[in-house]
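>>> Sequence first, then the predicted structure, then my questions.
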Amino acid sequence: MNALGCHLAEVIREQGPVTIGYYMAEALGHPVHGYYMRQDPIGADGDFITAPEISQTFGELLGLWSAAVWELGGALVPIRLVELGPGRGTLMADALRALAVTPRFRESLEVHLVETSPALRATQKAALAEAHPVWHLSFDGVPDGPLIVIANELFDALPIRQFQRSVEGWHERLVGLDRRGEHFRYVLSPPIPSAGLIPQELAHAPLNSAIEICPSGEALAAEIAERVQRCGGAALFIDYGAAASGPRDTFQAVRRHGRHPPLEAPGEADLAAHVDFAALARAAAAAGADIHGPLEQGLLLGRLGIHERAEVLGQTGGRERREVASGVARLIEPDQMGSLFKALAIVPSDAPTPPGFET
């Protein structure tokens, strides 16, 4: 076992099996050995690639979406443009460059970044030096006031809990050790009371099926929605997952752009799970805000003008045109990121429908 594995094994020996959420949080965020604490994992030389790294059109369109939402919401000043989990700062850099065409919005905004990784903060600082961003360790550190929040591939990395239904009732799926104490394995808890824990719409899932809940994700969605409702602005969540709640087992790991066993070498691979957009929408709506979507990413980007922007970028022809077309196709085609990735928008109650979410 690696160093973090030894630490987790010791916790299990002393306290018993741990939740998948605890394992996931430690593997990603342990202050010394956590995956995101030690490295910049994004890009061809890392473990995975995100939409902003695939095509500059992604960040540009989200920047212009933010400006349009700001205008629809009354052009509140000052306005904070907040990105949660900003990666290498690429999305924000592209958004700010595109916002040169909207000087009134650009001059009114403050850039705030919510980031826990020291390695990624350093990369963001270099990419966004001219924007003078303010960093926070969590969303509750962002000052009160009107804001527009963008979260791209953030919710999939928040810790989940898994439960499995048997004839005896519901059990939590935990992480324990094998008999020799050398490897991690999944184990089931004794039957647990389901009231208040298992979502009502999933309480009668088929026998032996698994469900996933993300309490921290739902709490964050509610916190953001409450701020949007009270102070004005909007939020846009983009991630991969399902539009409706249902039985699923999507806990996974990625390393060097390929599948990796989730319980092997904790801290050395990215851990994630598909986002339950219906659960996020319920949590946000309970805070009083209006919810739009979820909408497939390909459809949203198409409505926001990605084809037109690609035409402009590809006017030089040749290799550059092919690269632009390839990147856009990866973002919008149903068999790539276009359908699996979805977008959810949050605005104050009775606010105009945000661009791209018109029915």
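Cool, got the structure.
>>> quick one, helices of the stretch 151-300 of the chain?
With DSSP state H, counting those that start in this stretch, the ranges of helices along the stretch 151-300 of the chain come out as 215-231, 277-286, 297-304.
>>> Glu130: which of these is closest?
With CB to CB, the closest approach to Glu130 among these belongs to helix 297-304: 25.0 Å. Every residue, glycine included, has its C-beta placed from N, CA and C.
>>> Who are the packing partners of that closest one?
Counting by 3 or more CB pairs under 8 Å, 6 or more residues apart in numbering; DSSP states H and E, the packing neighbours recorded for helix 297-304 are helix 56-72, helix 318-332, strand 341-347.
>>> returning to that earlier point: want to try a markdown table for the helices of the stretch 151-300 of the chain, with distance to Gln336, mean neighbour count and mean pLDDT as columns?
As requested, those are exported to a markdown table (distance: least, CB to CB, whole Å; neighbours: other CB atoms under 10 Å; pLDDT from 0 to 100):
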| stretch | distance to Gln336 | mean neighbour count | mean pLDDT |
| --- | --- | --- | --- |
| helix 215-231 | 24 | 20 | 98 |
| helix 277-286 | 19 | 21 | 97 |
| helix 297-304 | 8 | 21 | 98 |
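>>> Would you reformat those as JSON lines and include distance to Leu263?
What follows is these, written out as JSON lines (distance: least, CB to CB, whole Å):
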{"stretch": "helix 215-231", "distance to Leu263": "21"}
{"stretch": "helix 277-286", "distance to Leu263": "25"}
{"stretch": "helix 297-304", "distance to Leu263": "30"}
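>>> Quick one, which of the ones you listed gets closest to Leu62.
Closest among the helices of the stretch 151-300 of the chain, once you apply CB to CB, is helix 297-304, at 8.2 Å.
>>> could you give the angle of that closest one to helix 56-72?
Going by axes from the mean of the first three to the mean of the last three CA atoms, to 10 degrees, helix 297-304 is angled at 60 degrees with respect to helix 56-72.
>>> for the helices and strands packed on helix 297-304, which one ends up most surrounded?
strand 341-347 (a mean of 25; mean count of other CB atoms under 10 Å).
>>> Could you check how far that strand is from the centre of its chain?
11 Å (CA atoms, centre = their mean, to the nearest Å).
>>> Adjacent strands (with direction) for that strand?
strand 233-242 (antiparallel), strand 290-296 (antiparallel) (DSSP bridges).
>>> quick one: terminal-to-terminal distance for stretch 144-158?
24 Å (CA to CA, to the nearest Å).
>>> Can you give me the buried ones in it?
Using 16 or more other CB atoms under 10 Å as the test for burial, stretch 144-158 gives 145-158.
>>> now those residues in TSV, with distance to Leu64 and pLDDT?
Output for the buried residues of stretch 144-158, formatted as TSV (distance: CB to CB, whole Å; pLDDT from 0 to 100):
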residue	distance to Leu64	pLDDT
Gly145	22	96
Pro146	18	97
Leu147	17	98
Ile148	12	98
Val149	16	98
Ile150	12	98
Ala151	18	98
Asn152	15	98
Glu153	20	96
Leu154	21	97
Phe155	23	98
Asp156	25	97
Ala157	26	96
Leu158	28	98
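>>> and those as JSON lines, adding distance to Tyr240?
Output for the buried residues of stretch 144-158, formatted as JSON lines (distance: CB to CB, whole Å):
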{"residue": "Gly145", "distance to Tyr240": "31"}
{"residue": "Pro146", "distance to Tyr240": "29"}
{"residue": "Leu147", "distance to Tyr240": "25"}
{"residue": "Ile148", "distance to Tyr240": "22"}
{"residue": "Val149", "distance to Tyr240": "19"}
{"residue": "Ile150", "distance to Tyr240": "16"}
{"residue": "Ala151", "distance to Tyr240": "13"}
{"residue": "Asn152", "distance to Tyr240": "11"}
{"residue": "Glu153", "distance to Tyr240": "8"}
{"residue": "Leu154", "distance to Tyr240": "12"}
{"residue": "Phe155", "distance to Tyr240": "9"}
{"residue": "Asp156", "distance to Tyr240": "6"}
{"residue": "Ala157", "distance to Tyr240": "11"}
{"residue": "Leu158", "distance to Tyr240": "13"}
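>>> and those residues, which two are the farthest apart?
The distance between the two most remote of the buried residues of stretch 144-158 (CB to CB) is 28.3 Å, for Gly145 and Asp156.
>>> Now the residue positioned nearest the centre of the chain: closest residue in space that isn't a chain neighbour?
Nearest to the centroid of the C-alpha atoms of the chain, with distances taken as CA atoms, centre = their mean, sits Leu154, at 2.0 Å. The spatially closest residue to Leu154, leaving aside those adjacent along the chain, is Gly85, at 3.8 Å (CB to CB, 6 or more residues apart in numbering).
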